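Q: structure for the following, please:
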Amino acid sequence: MSSCEKCWADSGGGAEYSALLKEREAAGLYCTPEEQAGPDAGECPACKRKTLHQHTGEPMCGCAKPAT
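A: Numbers count the residues shown, from 1 in each chain. Presented below is the predicted three-dimensional model:
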């Protein structure tokens, strides 16, 4: 699973990322698929949302990974 780009940026990366994820999950706070994919995300060919992870191309929306 690709990292959440919003949480990665908010935490400053590294060990702080895991702590922030646990804190947000415990509070019931979850990022949208668009936030998870990052500001340079690609468009998912299935749902047309900007949810293809900016680094890995993984569809954060839950659609099937596009063929490469």
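Q: got the CA coordinates for stretch 51-68 in PDB?
A: Extracted in PDB, the C-alpha atoms of stretch 51-68 (Å, rounded to 0.1, in the frame of the first residue of the first chain):
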ATOM      1  CA  THR A  51      -6.500   9.200  -7.300                       C
ATOM      2  CA  LEU A  52      -3.600   7.500  -8.900                       C
ATOM      3  CA  HIS A  53      -0.800   7.800  -6.400                       C
ATOM      4  CA  GLN A  54       1.700  10.400  -7.500                       C
ATOM      5  CA  HIS A  55       4.700   8.100  -7.000                       C
ATOM      6  CA  THR A  56       3.500   4.500  -7.400                       C
ATOM      7  CA  GLY A  57       0.500   4.900  -9.700                       C
ATOM      8  CA  GLU A  58      -1.600   2.800  -7.200                       C
ATOM      9  CA  PRO A  59      -5.300   3.700  -7.400                       C
ATOM     10  CA  MET A  60      -6.100   5.100  -3.900                       C
ATOM     11  CA  CYS A  61      -9.800   5.000  -4.900                       C
ATOM     12  CA  GLY A  62     -10.000   1.200  -4.800                       C
ATOM     13  CA  CYS A  63     -10.400   0.700  -8.500                       C
ATOM     14  CA  ALA A  64      -8.300  -1.900 -10.200                       C
ATOM     15  CA  LYS A  65      -4.700  -0.900 -11.000                       C
ATOM     16  CA  PRO A  66      -4.500   0.300 -14.600                       C
ATOM     17  CA  ALA A  67      -2.400  -1.800 -17.000                       C
ATOM     18  CA  THR A  68       1.000  -0.500 -17.800                       C
END
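Q: tell me the contacts of His53?
A: 2, 5, 36-38, 41, 59-60 (CB atoms under 8 Å, 6 or more residues apart in numbering). To be clear about C-beta, it is placed using only N, CA and C from the backbone, and glycine gets the same treatment.
Q: and the residue nearest to the spatial centre of the chain, what helix or strand is that in?
A: Taking CA atoms, centre = their mean, the centroid of the chain lies closest to Gln36, which sits 2.0 Å from it. Using DSSP states H and E, Gln36 maps to helix 33-37.
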